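> Could you work out the structure for the sequence below:
(chains A and B)
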2 protein chains.
Amino acid sequence: MNKQAILRDFIETVWNQGKIDAIPDFIAAQYHIEHDPGDPWDGQRLDVAGFQNRVAQSRAPVPDQCFDIQALFDSDDSVCMTWLWHGTHLGEIAGIPPSGKTLRMSGATVYRFDGQRISGHWQVADRLGVFQQLQANR
Amino acid sequence: MNKQAILRDFIETVWNQGKIDAIPDFIAAQYHIEHDPGDPWDGQRLDVAGFQNRVAQSRAPVPDQCFDIQALFDSDDSVCMTWLWHGTHLGEIAGIPPSGKTLRMSGATVYRFDGQRISGHWQVADRLGVFQQLQANR
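Below is the predicted model:
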């Protein structure tokens, strides 16, 4: 399977559907969060269990979250994905109680590949937009 | 010249060196800011003079600003660029007076090409990080 097809399957299965049992099929033994400003795991190297924990914790307050892939760009060992994200705010985020409202975010992520497995990412997201939505919904 | 070489020249000449007289050599007659959450020009279509005004206004409070290109990714009509940015805060930003300190930001931009000219972009940047730096420097 080519890198773009693997990435589409990973996003849908793991991040959109939340099937953390499928994570060992997608990621390498070590996953490096190279750059992800504002993310609690920025800079960390995670094993498979650590990555499963990250997905579970990230998805918990927004369990119906969905990444809509905007475009994919290939390079030799990476795929860059631009995305829009939305989900219903149903659990505490950064100390802010759930509002039941839809949150929206934009971002771009460069996923690194080691053969058929994803081994890390470099990411930026519009966290200021989310912060402003959380404040407005209080 | 290929798209990546044109883009590198555009970033260095226009955004890093601030040579707005060179803008007609790089951009199309209409430039569409498709998606740029938090940017004052988000959604607008600019002619060359409008684009020159945008660059001049954007650079004014951080005149030594520099985009360090991290990676470039090609597709048929676009180049996606991941970047780190830094510059010295020497003018008012969003009502916050200059601190004289270095500001840093990360981002990713998909630049659209119409032949040899750049005709628009889709961008996301870590504006929350900048907001936090501005607050910390007050």
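> Count residues in the vicinity of residue A:129, would you?
Number of residues near residue A:129 (other C-beta atoms under 10 Å in any protein chain shown) recorded here: 18. Placement of C-beta: from N, CA and C, glycine included.
> What strand or helix carries the closest residue to it other than its chain neighbours?
The shortest distance from residue A:129 to any non-neighbouring residue, by C-beta to C-beta, 6 or more residues apart in numbering or on different chains, is to residue B:37 (5.0 Å). Assigned by DSSP states H and E, residue B:37 belongs to no helix or strand.
> nearest residue to the residue most central in space within chain A other than its sequence neighbours?
Centroid-nearest residue in chain A, with C-alpha atoms, centre = their mean: residue A:15, separated by 6.2 Å. Of all residues not flanking residue A:15 in the chain, residue A:67 sits nearest, at 5.5 Å (C-beta to C-beta, 6+ apart).
> any idea how far the one you found lies from residue B:42?
Per C-beta to C-beta, to the nearest Å, residue A:67 is found 21 Å from residue B:42.
> more neighbours, these two?
More crowded of residue A:67 and residue B:42, by other C-beta under 10 Å: residue A:67, with 18 against 12.
> what's the longest strand in chain A?
Ordering each strand of chain A by length in residues (DSSP state E) puts strand A:102-114 first.
> near chain B, which residues of chain A?
Within reach of chain B by C-beta under 8 Å from any C-beta of the partner chain, chain A has these residues: A:35, A:37-38, A:70-71, A:73-75, A:78, A:80, A:82, A:106-108, A:110, A:122, A:124-129, A:131.
> where exactly do the helices run in chain A?
Under the criterion DSSP state H, chain A contains helices at A:3-10, A:48-59, A:127-137.
> possible to save those as TSV with mean pLDDT and distance to residue B:59?
Shown next, in TSV, are those (pLDDT from 0 to 100; distance: least, C-beta to C-beta, whole Å):
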stretch	mean pLDDT	distance to residue B:59
helix A:3-10	98	36
helix A:48-59	98	36
helix A:127-137	95	20
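> now those helices as JSON lines including distance to residue B:101?
Listed next are these as JSON lines, based on distance: least, C-beta to C-beta, whole Å:
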{"stretch": "helix A:3-10", "distance to residue B:101": "38"}
{"stretch": "helix A:48-59", "distance to residue B:101": "32"}
{"stretch": "helix A:127-137", "distance to residue B:101": "19"}
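> Quick one: closest of those helices to residue B:54.
Residue B:54 lies closest to helix A:127-137 among the helices of chain A, at 19.5 Å (C-beta to C-beta).
> What residues sit buried inside that closest one?
Residues of helix A:127-137 classed as buried: A:127, A:128, A:129, A:130, A:131, A:132, A:133, A:134 (neighbour count, 16 or more other C-beta atoms under 10 Å in any protein chain shown).
> likewise stretch A:43-60?
A:46, A:48, A:51, A:52, A:54, A:59.
> Could you do stretch A:88-103 as well?
Neighbour-count burial for stretch A:88-103 [16+ other C-beta under 10 Å]: A:88, A:89, A:90, A:93, A:99, A:103.
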